[in-house]
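1. heads up, no residue letters with this:
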């Protein structure tokens, strides 16, 4: 049972464009939604995270939009740069399950110069 | 501040053998979680340890086990290795005072295990 569904699997964006990655979840007990960035040969690194009581959170060029009623959240990367080329994972965590993160399948982003 | 350290970085083992992987969390972090990453299944949660006790467990067979020491360092063990166990094994640490407090999880670079 895939509790967090992520799309698209891969994404090609021109430099300066907006990259948008979407995730949908099923379990309404989730209360923490982080996004991770992973470069080849490295572990995932936390980019930005949001809780369900907030509809949007922005940090630099990265924005999370959250729609609680639709059980969806998305990552927007503004002014995408070639250095943003990486795999992005959304994740979710239940309030009563400590450190257990449920990950989406990942999106491989390629930003063309 | 040192990050999460995993050793070794690479391992090659033969089917049927067992393997032990090590993870040193960020100083002060008491929660350590382990994940398996494969191209087909993505990132899957193995288990979490907090204060030397297993707090959460994923859907992996009993061949996968772990433990945590009093200094929060953690090890995971895989016995009777199978070809399908080839993966990147990632460790993540977080403060996690108690369940319900959502704090950031910091990942190590992982151990690449190849089973031949």
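-> Ah, there it is. Quick caveat, the model's predicted, so the values are computed rather than measured.

2. Residue 65: what's it in contact with?
-> No chain was given, so I picked chain A. Residues near residue A:65 by CB atoms under 8 Å, 6 or more residues apart in numbering or on different chains: A:55, A:56, A:73, A:74, A:76. For every residue, glycine as well, the C-beta is placed using N, CA and C.

3. To clarify, I was referring to chain B.
-> Applying CB under 8 Å, 6+ apart, the residues near residue B:65 are B:76, B:77, B:78, B:79.

4. Let me know the secondary structure of the second one.
-> The one in question is residue B:77. With DSSP: H, G, I helix; E, B strand; the rest coil as the basis, residue B:77 sits in strand.

5. any idea how far the residue of chain B found nearest chain A is from residue B:39?
-> At 3.5 Å from chain A, residue B:107 is the closest residue in chain B, using CB to the nearest CB. Residue B:107 sits 18 Å away from residue B:39, going by CB to CB, to the nearest Å.

6. neighbour count winner among those two?
-> Neighbour count, other CB atoms under 10 Å in any protein chain shown: between residue B:107 and residue B:39, residue B:107 has more, with 23 against 8.

7. hang on, the more buried one packs against residue B:88?
-> No. Counting by CB atoms under 8 Å, residue B:107 stays clear of residue B:88, with 10.5 Å between them.

8. so residue 88 bridges to which residues?
-> No chain specified, so I'll use chain A. Assessed by DSSP bridges, residue A:88 has beta-bridge partners residue A:37, residue A:107.

9. Oops, wrong one, chain B.
-> residue B:37, residue B:112.

10. List buried members of the contacts of residue B:65 by neighbour count.
-> B:76, B:78 (16 or more other CB atoms under 10 Å in any protein chain shown).

11. is it possible to export the contacts of residue B:65 to CSV including pLDDT and distance to residue B:50?
-> As requested, the contacts of residue B:65 are arranged in CSV below (pLDDT from 0 to 100; distance: CB to CB, whole Å):
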residue, pLDDT, distance to residue B:50
B:76, 98, 15
B:77, 98, 18
B:78, 98, 21
B:79, 95, 24
